[in-house]
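Asker: Turn this into a model:
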Amino acid sequence: MKVQVAVVQMVSSELLADNLAHAESLLAQAAMGGAQLVLLPENFALMGRDEKTKLAIMEMGGDGPIQSWLAAQAQRLSLWLVGGSIPLAAPDGRCYAACLVFDPAGQCQARYDKIHLFDVDLAGGESYRESRTVAPGSTPVAVTTPWGQLGLSVCYDLRFPELYRSYAGAELLVVPSAFTQQTGAAHWECLLRARAIENQAYVLAADQGGLHQNGRQTFGGSMIIDPWGQVLARLDQGEGVALAQVDMEFLRRCRSNLPALQHRRRRQAFCDAYQEI
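Answerer: Below you'll find the model as predicted:
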């Protein structure tokens, strides 16, 4: 089985309506290219002046204009749409960075809340405290699609391979992101290729890619990677769509010829071995 997939790269602004209009155009471009599964980037609907801006547009889970927009796009274009991340209300006044998956009927089939939050101090005085406005999720989520299991993650999650190991056996992994220029240049591609290789899965990574109105520079480099770690399609900077064909027979051969997933030793086996030393 083969399927055309796409990742959408954006340079989202502070204007919600403008961002949705840009996203709508890019989704149409992906659909025109034959895509049946499309991934939007993290924060596709808004990259605000500061982190608190997202709280002004956060919605209750299951109800709100951004969620309705995602459902309508999936239905209008008859595709599986992974909605990057949008802010959904958390009980403590913060929001969750929620990744929603809609089927071609416009029904929400899955929700994943970003688990790992970007609280870091980078070289040159670049500093982020995502946890001030975003509450962490706690549960990995995979959803069944016509092409197999799809494991969900968001941006900083990429640095935590144990999350993706919980999806072991999934055919597809998605990583909607807004990687900084600094961290993206250093680690983006090698981390994505590692997740594809170690899990023998296709990886779809949609990044923000450019200079935003709020002054933040994101890396771009949105790409689609096969289970052997080869980059099938890639963008540089700016808005755009990258398309590639996912081949489930190729995935099956990779796993059959090099059955690393079958050779895994479970954590308890390691613990028992260490105790015997």
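Asker: Would you mind measuring from residue 107 to residue 65?
Answerer: 17 Å (CB to CB, to the nearest Å). In short, each C-beta sits where N, CA and C put it, glycine included.
Asker: do the same with residue 40
Answerer: For residue 40 relative to residue 65 (CB to CB), the value is 16 Å.
Asker: do residue 14 as well
Answerer: 17 Å.
Asker: now the helix or strand residue 192 falls within: mean pLDDT?
Answerer: Using DSSP states H and E, residue 192 maps to helix 189-199. Averaged across helix 189-199, the pLDDT comes to 98.
Asker: Tell me the gap between that helix and the middle of its chain.
Answerer: Its chain's average C-alpha position is 14 Å from that of helix 189-199, according to CA atoms, centre = their mean, to the nearest Å.
Asker: how about the strands in the stretch 51-200 of the chain?
Answerer: Taking DSSP state E, counting those that start in this stretch to define them, one finds strands in the stretch 51-200 of the chain at 80-82, 86-89, 95-102, 108-113, 119-121, 127-129, 142-145, 148-151, 172-177.
Asker: tell me which residues in the fourth one are buried?
Answerer: Which is strand 108-113. Within strand 108-113, the residues that qualify as buried are 108, 110, 111, 112, 113, counting by 16 or more other CB atoms under 10 Å.
Asker: Save the residues you listed as JSON lines, and put in pLDDT too.
Answerer: Below are these laid out as JSON lines (pLDDT from 0 to 100):
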{"residue": "108", "pLDDT": "98"}
{"residue": "110", "pLDDT": "98"}
{"residue": "111", "pLDDT": "98"}
{"residue": "112", "pLDDT": "98"}
{"residue": "113", "pLDDT": "98"}
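Asker: closest to residue 236 among those?
Answerer: residue 112 (27.8 Å; CB to CB).
Asker: Could you export the strands of the stretch 51-200 of the chain to JSON lines, including columns for distance to residue 193?
Answerer: Shown next, in JSON lines, are these (distance: least, CB to CB, whole Å):
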{"stretch": "strand 80-82", "distance to residue 193": "20"}
{"stretch": "strand 86-89", "distance to residue 193": "27"}
{"stretch": "strand 95-102", "distance to residue 193": "21"}
{"stretch": "strand 108-113", "distance to residue 193": "22"}
{"stretch": "strand 119-121", "distance to residue 193": "22"}
{"stretch": "strand 127-129", "distance to residue 193": "24"}
{"stretch": "strand 142-145", "distance to residue 193": "21"}
{"stretch": "strand 148-151", "distance to residue 193": "16"}
{"stretch": "strand 172-177", "distance to residue 193": "12"}
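Asker: I'd like to know which of the ones you listed is closest to residue 163.
Answerer: Across these, closest to residue 163 is strand 148-151 (CB to CB), at 8.4 Å.
Asker: Who has more neighbours out of residue 40 and residue 65?
Answerer: Counted by other CB atoms under 10 Å, residue 40 and residue 65 do not tie: residue 40 has more neighbours, with 30 against 13.
Asker: need the contact list for the more buried one.
Answerer: 8, 10, 23, 27, 81, 82, 83, 84, 176, 206 (CB atoms under 8 Å, 6 or more residues apart in numbering).
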